[in-house]
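Asks: Predicted coordinates and the sequence they were generated for:
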Amino acid sequence: MRIGRNKLENISHALKLVCDAKQKGSYLVVLPECFNSPYGTKYFPEYSEKIPDGETSLALSKAAKDNSVYLIGGSIPEKSGSKYYNTSTVWDPQGNLICKHQKVHLFDINIAGGVKFQESEILSPGDRLSVFNIGPCKVGLGICYDLRFHEMASLYRKQGIDLLVYPGAFNMNTGPLHWELLLRSRAVDNQVFVAAVCGAQDKNADYVAWGHSMLVDPWGKIMLQAEFQEDLLVGEISENKFYDYNLPLIFYDLCCVA
Ligand SMILES: NC(=O)CCC(=O)C(=O)O
């Protein structure tokens, strides 16, 4: 998704994409990190909202209901009391809020000659895992930098999740080397599907996003991948996919060898 400085335009553009995704047969729709705001700490207070009473929450709830989809509303800057969080909301097809994830690992980075970013200047970290069900499919939710922490994905796996979802905003320094590597690693480590959705590249933005949203299967195979620009990827995940690779058999063999 393209994300600009006009909050209302970002929201209405997201709503149109949700509708397009539904028309292409989607049942679960995922938006990118910070989809209603430019990604930058100086923007977060101005663009922040209370959840679930803010205008972005209301719009997401209505979009989920109108299109009868599960909707992971990327993330938005959340204002809660005197604190700010980077928060993802999940809506069911009746428009109910069924899950809320506050980014646990804040993105604090300073690469000499490269990207410098300090979410912790403004944001507070979340302190819990966020799991929800879509029928028989159990989903674990993280936000962007959370995906670097394999321990978190492994805790989700221990709760029996089938799919990990990460709304994200990787950048032009770390994206080329790490984005695909991390997504495929989390999939193979945990034998789960991984979906990660990054905002489209805008070369004029303060923070230039890497794009390349991706869906990976439990064998680490990339099922779908966007490029730098806005795109709508529609994929199907099914439990049968696990058996394509005879995984239980392979693991049994490995155990025997060990
Ligand atoms: N929005 C983020 O958390 C960015 C994470 C990132 O780019 C990374 O390299 O990690």
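Replies: Structure's in. What do you need?

Asks: Please, where are all the helices along the stretch 101-250 of the chain?
Replies: In the stretch 101-250 of the chain, helices defined by DSSP state H, counting those that start in this stretch lie at 150-158, 180-190, 240-244, 247-257, listed in chain order.

Asks: Next, find the distance separating residue 178 from residue 111.
Replies: Look at residue 178 and residue 111: by Cβ to Cβ, to the nearest Å, they are 12 Å apart. In this view, the C-beta of every residue, glycine as well, is placed from N, C-alpha and C.

Asks: neighbour count winner among these two?
Replies: Per other Cβ atoms under 10 Å, whichever of residue 178 and residue 111 has more neighbours is residue 178, with 16 against 11.

Asks: who's in contact with the spatially closest residue to residue 104 that is not a sequence neighbour?
Replies: Spatial nearest neighbour of residue 104, chain neighbours left out: residue 126 (4.8 Å); criterion: Cβ to Cβ, 6 or more residues apart in numbering. For residue 126, the contacting residues are 85, 87, 101, 102, 103, 104, taking Cβ atoms under 8 Å, 6 or more residues apart in numbering as the criterion.

Asks: Assign the second one to helix, strand or coil.
Replies: If I follow you right, that is residue 87. Judged by DSSP: H, G, I helix; E, B strand; the rest coil, the three-state class of residue 87 is strand.

Asks: Apart from its chain neighbours, what residue comes closest to it?
Replies: Of all residues not flanking residue 87 in the chain, residue 78 sits nearest, at 3.8 Å (Cβ to Cβ, 6+ apart).

Asks: can I assume the one you found sits in a strand?
Replies: Yes. Checked against three-state DSSP, residue 78 lies within a strand.

Asks: That one against residue 51, yeah?
Replies: Yes. Under the criterion of Cβ atoms under 8 Å, residue 78 lies in contact with residue 51, with a separation of 5.2 Å.

Asks: who's more crowded, the two?
Replies: Set side by side, residue 78 and residue 51 give different neighbour counts by other Cβ under 10 Å, the larger being at residue 78 (26 against 21).

Asks: Report the beta-bridge partners for that one.
Replies: On the basis of DSSP bridges, residue 78 is bridged to residue 49, residue 85.

Asks: Brilliant, that's me finished.
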